[in-house]
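Engineer: could you work out the structure for the sequence below:
(one chain, ligands or ions: 1)
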Amino acid sequence: MKIHFPASFLWGSSISSYQLEGDNCFSDWFLWEKKKRLEPAGASTDHYRRFREDFSLANSLGHNALRLSLEWSRIVPQKGIFSDEQLKHYIDVVEDLRIKKIEPVITLHHFTNPAWFVQEGGWLKPLSIDYFLEYVRRVLAVLKDKCSYWIIFNEPLVYIYNGFIRGIWPPGIKSAKSALTALKNILKAYSLSYEVIKASYKDKPSYISIAKHMRVFTPCGYFNYGQNNIFAFLRSKLFNFRIIDNLAEKRRLDFLGINYYCREFVKAAPFLGKECRDAHHRDDKNEIGWFIYPQGLYNILMRLKKYNLPVIITENGTPGLNNEQYHDFLSTHLNSAAKALNEGVDLRGYFWWSLLDNFEWDQGFAHKFGLVEVDFSNFTRKVRPFAGEYKKIIEQNSVEI
Ligand code: FCB
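Structural biologist: Down below sits the predicted model:
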């Protein structure tokens, strides 16, 4: 059966400033890479200077939308100093997208913070909210007439987990108490930013959300299934739905932005269970060790129906495959999405992570997620064949299920 996506469906890919732009030397990640001797992002894809070329590529791949983030540390490189030059840069970026008939979906915070902000105590301090709001106001002043889609935070729980519990991302803290404080401030910053953005649009439409990382939590079936099942349920409730429930209740979501990559096998353990990575799971694993599970996208989308909100898949993708496998990943996930659409989920968009190969945080440049391959020695771009298949799907605006 052929499933048609809505006529105004947003088709595109996602990128983020720190991962692609290059030379973001005022960011907390820039200092972190040095401190931890990680592979540095350096010039990355040099997207900051090559954005026009990259948007032409997106255009040639049939995109009618692109999700991108603004680098807070460029716009506010020092406490209290707002850079008109960098604001102008992002105006140019958005205008170029508009010229190419690509709808910008703007992320305001994609994991990175200005270094000065972190030195002031970052998200652990109540003042963080004021600093963030001031940044949001300045951005709105120049971009609100040019954009309607806003994602205030990318994957807040992933950020909190890696930065405040595992301590493998800046600020490198390992404390549940700090994690809760930071999360509380981020959620408050989210709600207040939502109000500021909404108010500034007055009667004009604006669509505001977060990009929520969603996982399917599957109880490990090898031992103790009953107990594992309870922990899988608990993890899903807390990790997938807690924040969404909270924001939906407060009417602070205009749509649901969903990043979906994989599933996790869960086994019982105090206090929230733990991920089961035992050898008995032989399901398709990608090179990072994520369990690929296309059916999971359908499951998640169906569980979002109860919120009665439009849904946009703001990220989906995988690294390290050959062309046929990339294509298979894309088509099986789109198949799941189309099935959910057909069964009443108000799906409005799909974004592949990512337009270009780029810097994958603590993993450096090892993993290639791009529709477009990048040669990092000379920044040459080369379209991967499966991107052509994606383009065909976009043109048909439909898939067979
Ligand atoms: C997501 C992040 C994105 C990228 C992909 C692979 O969790 O939002 O920045 O790293 O994973």
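Engineer: contacts only, for the closest residue to the ligand within the stretch 1-150 of the chain.
Structural biologist: The stretch 1-150 of the chain approaches the ligand most closely through Ser16 (5.1 Å), counting by CB to the nearest ligand atom. Where C-beta positions appear, they are placed from N, C-alpha and C, glycine not excepted. When contacts are counted by CB atoms under 8 Å, 6 or more residues apart in numbering, Ser16 is found next to Leu68, Ser69, Thr107, His110, Phe111, Asn154.
Engineer: Leu61 too?
Structural biologist: Residues in contact with Leu61, defined by CB under 8 Å, 6+ apart, are Ser13, Leu371, Val372, Val383, Ala387, Gly388, Tyr390, Lys391, Ile394.
Engineer: what does the stretch 251-400 of the chain put close to the ligand?
Structural biologist: Asn259, Glu315, Trp353, Glu360, Trp361, Phe369 (CB under 6 Å from any ligand atom).
Engineer: turn those into TSV, columns for pLDDT.
Structural biologist: Shown next, in TSV, are these (pLDDT from 0 to 100):
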residue	pLDDT
Asn259	98
Glu315	99
Trp353	98
Glu360	98
Trp361	98
Phe369	98
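Engineer: returning to that earlier point: for the residue of the stretch 1-150 of the chain closest to the ligand, give its distance to Glu120.
Structural biologist: For Ser16, the distance to Glu120 equals 23 Å [CB to CB, to the nearest Å].
Engineer: for Leu61, same thing?
Structural biologist: Counting by CB to CB, the gap from Leu61 to Glu120 is 41 Å.
Engineer: all helices of the stretch 251-400 of the chain, in order?
Structural biologist: For the stretch 251-400 of the chain, the helices defined by DSSP state H, counting those that start in this stretch occupy 294-303, 323-342, 385-396.
Engineer: and for the stretch 101-250 of the chain?
Structural biologist: Using DSSP H, counting those that start in this stretch, helices in the stretch 101-250 of the chain cover 115-119, 127-143, 156-160, 176-201, 225-235, 242-249.
Engineer: kindly reformat the ones you listed as a markdown table containing mean pLDDT, mean neighbour count and distance to Pro310.
Structural biologist: Listed next are the helices of the stretch 101-250 of the chain as a markdown table, based on pLDDT from 0 to 100; neighbours: other CB atoms under 10 Å; distance: least, CB to CB, whole Å:
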| stretch | mean pLDDT | mean neighbour count | distance to Pro310 |
| --- | --- | --- | --- |
| helix 115-119 | 98 | 20 | 32 |
| helix 127-143 | 98 | 18 | 22 |
| helix 156-160 | 98 | 21 | 20 |
| helix 176-201 | 98 | 17 | 16 |
| helix 225-235 | 97 | 17 | 26 |
| helix 242-249 | 98 | 16 | 12 |
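Engineer: a markdown table for the ones you listed, including distance to the ligand?
Structural biologist: Output for those, formatted as a markdown table (distance: least, CB to the nearest ligand atom, whole Å):
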| stretch | distance to the ligand |
| --- | --- |
| helix 115-119 | 19 |
| helix 127-143 | 18 |
| helix 156-160 | 6 |
| helix 176-201 | 15 |
| helix 225-235 | 17 |
| helix 242-249 | 15 |
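Engineer: now the ones you listed in TSV, with distance to Ile288?
Structural biologist: TSV is the format used below for the helices of the stretch 101-250 of the chain (distance: least, CB to CB, whole Å):
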stretch	distance to Ile288
helix 115-119	27
helix 127-143	30
helix 156-160	14
helix 176-201	23
helix 225-235	19
helix 242-249	24
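Engineer: of all those helices, which one is nearest Ile75?
Structural biologist: helix 127-143 (6.3 Å; CB to CB).
Engineer: so which residues make contact with the closest one?
Structural biologist: 70, 72, 75-76, 82, 87, 90-91, 94, 106, 108-109, 117, 120-122, 152, 185, 188-189, 192-193, 196-197, 200.
Engineer: 6 Å - rerun?
Structural biologist: The contact list for helix 127-143 (CB atoms under 6 Å, 6 or more residues apart in numbering) reads 72, 76, 82, 87, 91, 117, 185, 188-189, 192-193, 196, 200.
Engineer: again, but for stretch 346-365
Structural biologist: Contact with stretch 346-365 is made by 10, 12-15, 19-20, 38-39, 41, 44-45, 58, 67, 168, 310-315, 317, 341, 367-374, as judged by CB under 6 Å, 6+ apart.
Engineer: next one: stretch 75-82
Structural biologist: With CB under 6 Å, 6+ apart, stretch 75-82 has contacts from Phe26, Ser83, Gln86, Pro114, Trp116, Tyr135, Arg138.
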